[in-house]
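Engineer: No sequence on hand, only this structure:
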């Protein structure tokens, strides 16, 4: 799912600990199927899986992209698949909600704009990596602005991954109770159908043990499973559009009908209640208080930039042009998937679509066997993906908290528990997944797509003057990113304040 692929996730982790200053040969290391870091040419015993370098730094006088110490072996097609894995994530579940609050035409305009901007930022990243000689996002930040640049990149990636973890656990919170109720044939308010309890239990007994592993091994391949689950989800969304007729049934009437009669979906639709004259008419332009979440949701859905450079390093016969081609094909594929998911989900539910599309189906049609299979597949995928996403966050925090590269079980366990506990607190106390999509999309995603790539490019690409078209374009892109981030965050915070005020007034009136 988001920000993780089977091979590139591990490549990113392994490269993370490369030193930012590689001028000293005395610290160079090599690994030969061993497990401990040692000096070049030495025999090596055991090495910490989270601290190992993926690449030795021979020929330190050369830029990394010029150095022939590692030949990429990923084909063009495999790279496209890997990058598709990195792009695709839980963000797809929020796109129908974004379309419902922008209208079809405005949503398509925004989707095209964010996709193009994301591709342009990939172009800036690749060119900056070639000029700056670094294939890790944080290293580019260090080379450009020193420690503040490295911290900015690391913090943005950490925030983005925490957002991804939160969105996955939100799916557990929303969907697992529905699965249990469906399988048990009961809708009683028992403790084991409470989403807050279930997300804690899943985190404690499944996610935590997996997250404590020193090396994830084949668990990294769950990103491929996640992509297949989302493709399956998209197919079901398209099919259900033609099975579920508008107007939608009233939820209370529907539940009563299901409990008393054994009838088909088509029959249920004949007893539906229409709440407005145009409830089944798609809108092309919509502006309301929720429209402000559209751009953050889209940026959250397209973030894959920390994985770009490791994939570039792994690409066979790599070149800037070839990697840009990989990005173009991957982004086009995800653009089509995102558009179809958003469009068919919106056309099915119109204004009644919820921030998490799968939960919208659960709300109206709990007993559908196909939807039950989709829920189980998505739940399995996101549960196994959370440890994969947590892995680089822990590695990043380890790098900043401890100058020692020696592995410490105490530090390892404490960081894992704090991260997982904090994420669970977010999922339990933040009212909706929309707020996670919105906040992370407006902050960390905007940093990774707009601000950091353009800032790194302006600083590190010396052969172009500030008056060149390329530098002017990068500067405009940086300004655009600042406007998007500040504007979106301001509007989202104002919406939160408005909702909180309205809630207090409602409680004060005794409602």
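Structural biologist: Received the coordinates, thanks. Keep in mind that this is a model prediction, so the values were computed, not measured.

Engineer: make it CA atoms for all contacts and neighbour counts henceforth
Structural biologist: Will do.

Engineer: Let me see the contact set for residue 137.
Structural biologist: Applying C-alpha atoms under 8 Å, 6 or more residues apart in numbering to residue 137 gives the contacts 153, 306, 309.

Engineer: Put together JSON lines for these, with secondary structure on each row.
Structural biologist: Putting those into JSON lines (DSSP: H, G, I helix; E, B strand; the rest coil) gives the following:
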{"residue": "153", "secondary structure": "helix"}
{"residue": "306", "secondary structure": "helix"}
{"residue": "309", "secondary structure": "helix"}
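
Engineer: Tell me the one among these nearest to residue 456.
Structural biologist: residue 153 (10.4 Å; C-alpha to C-alpha).

Engineer: Give me the neighbour count for the closest one.
Structural biologist: Residues within reach of residue 153, counting by other C-alpha atoms under 10 Å, total 24.

Engineer: if I read this right, it contacts residue 136, doesn't it?
Structural biologist: No: Residue 153 is beyond contact range of residue 136, at 10.0 Å (criterion: C-alpha atoms under 8 Å).

Engineer: Compute the number of surrounding residues for residue 463.
Structural biologist: For residue 463, the count of nearby residues is 8 (other C-alpha under 10 Å).

Engineer: continuing past the lowest-mean-pLDDT helix or strand in the chain, what's the next helix or strand?
Structural biologist: The least trusted helix or strand in the chain, going by mean pLDDT, DSSP states H and E, turns out to be helix 265-270, with a mean of 38. Scanning forward in sequence from helix 265-270, with DSSP states H and E defining helices and strands, the next element found is helix 294-302.

Engineer: List the contacts of residue 230.
Structural biologist: For residue 230, the set of contacting residues under the criterion of C-alpha under 8 Å, 6+ apart consists of 89, 378.

Engineer: how close does it sit to residue 120?
Structural biologist: Here the distance between residue 230 and residue 120 works out to 26 Å (C-alpha to C-alpha, to the nearest Å).

Engineer: same deal with residue 357?
Structural biologist: The spacing between residue 357 and residue 120, counted by C-alpha to C-alpha, is 29 Å.

Engineer: again with residue 465
Structural biologist: To residue 120, residue 465 is 19 Å away according to C-alpha to C-alpha.

Engineer: next one: residue 493
Structural biologist: As for residue 493, its distance to residue 120 is 29 Å (criterion: C-alpha to C-alpha).

Engineer: Compare these two (neighbour count), which wins?
Structural biologist: Under the neighbour definition other C-alpha under 10 Å, residue 493 and residue 120 were set side by side, and residue 120 has more, 21 against 13.

Engineer: quick one: that one and residue 474, what's the gap?
Structural biologist: 9 Å.

Engineer: Overlap in contacts, the two.
Structural biologist: Counting by C-alpha under 8 Å, 6+ apart, residue 120 and residue 474 have no common neighbour.

Engineer: quick revisit: looking at the contacts of residue 137, spot the one nearest residue 373.
Structural biologist: After measuring these against residue 373 - C-alpha to C-alpha - the closest member comes out as residue 306, at 32.0 Å.

Engineer: in the stretch 1-150 of the chain, which spans are helices?
Structural biologist: Taking DSSP state H, counting those that start in this stretch, the helices of the stretch 1-150 of the chain run over residues 6-16, 76-87, 95-100, 104-132, 137-145, 147-184.

Engineer: Save those helices as a markdown table, and put in mean pLDDT and distance to residue 412 too.
Structural biologist: Supplementary listing: the helices of the stretch 1-150 of the chain in a markdown table, determined by pLDDT from 0 to 100; distance: least, C-alpha to C-alpha, whole Å:
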| stretch | mean pLDDT | distance to residue 412 |
| --- | --- | --- |
| helix 6-16 | 45 | 15 |
| helix 76-87 | 87 | 25 |
| helix 95-100 | 94 | 36 |
| helix 104-132 | 94 | 31 |
| helix 137-145 | 90 | 21 |
| helix 147-184 | 90 | 16 |
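
Engineer: from the ones you listed, which stretch is densest packed?
Structural biologist: A comparison of the helices of the stretch 1-150 of the chain by mean neighbour count, using mean count of other C-alpha atoms under 10 Å, puts helix 95-100 on top with a mean of 30.

Engineer: So which elements touch that helix?
Structural biologist: In this structure, helix 95-100 packs against helix 104-132, helix 294-302, helix 320-349, with contacts taken as 3 or more C-alpha pairs under 8 Å, 6 or more residues apart in numbering; DSSP states H and E.

Engineer: which stretches of the protein aren't confidently modelled?
Structural biologist: Applying pLDDT under 70 to the chain flags the ranges 1-71, 186-188, 216-220, 247-279, 366, 403-405, 507-511.

Engineer: just to revisit the earlier point, same list (the helices of the stretch 1-150 of the chain) but as JSON lines, adding distance to residue 383.
Structural biologist: As requested, those are arranged in JSON lines below (distance: least, C-alpha to C-alpha, whole Å):
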{"stretch": "helix 6-16", "distance to residue 383": "15"}
{"stretch": "helix 76-87", "distance to residue 383": "16"}
{"stretch": "helix 95-100", "distance to residue 383": "21"}
{"stretch": "helix 104-132", "distance to residue 383": "28"}
{"stretch": "helix 137-145", "distance to residue 383": "27"}
{"stretch": "helix 147-184", "distance to residue 383": "7"}
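
Engineer: excluding its backbone neighbours, what's nearest residue 171?
Structural biologist: Taking C-alpha to C-alpha, 6 or more residues apart in numbering, and ignoring the residues beside it in sequence, residue 171 has residue 379 as its nearest neighbour in space, at 7.0 Å.

Engineer: Tell me which residues of stretch 483-503 come out buried.
Structural biologist: Buried residues in stretch 483-503, counting neighbours by 16 or more other C-alpha atoms under 10 Å, are found at 484-485, 488-489, 491-492, 495.

Engineer: Can you report how many residues neighbour residue 365?
Structural biologist: Applying the criterion other C-alpha under 10 Å, we find 19 residues in the vicinity of residue 365.

Engineer: ok, now which ones touch it?
Structural biologist: By C-alpha under 8 Å, 6+ apart, no residues touch residue 365.

Engineer: where does it sit relative to residue 372, distance-wise?
Structural biologist: Look at residue 365 and residue 372: by C-alpha to C-alpha, they are 10 Å apart.

Engineer: go on, residue 316?
Structural biologist: Counting by C-alpha to C-alpha, the gap from residue 316 to residue 372 is 41 Å.

Engineer: Tell me how many other residues crowd residue 392.
Structural biologist: Neighbours of residue 392 (other C-alpha under 10 Å): 24.

Engineer: Sorry, wrong one. I was asking about residue 454.
Structural biologist: For residue 454, which is what you asked about, the neighbour count (other C-alpha under 10 Å) is 28.

Engineer: quick one, what contacts it?
Structural biologist: 121, 124-125, 474-475, 477-478.
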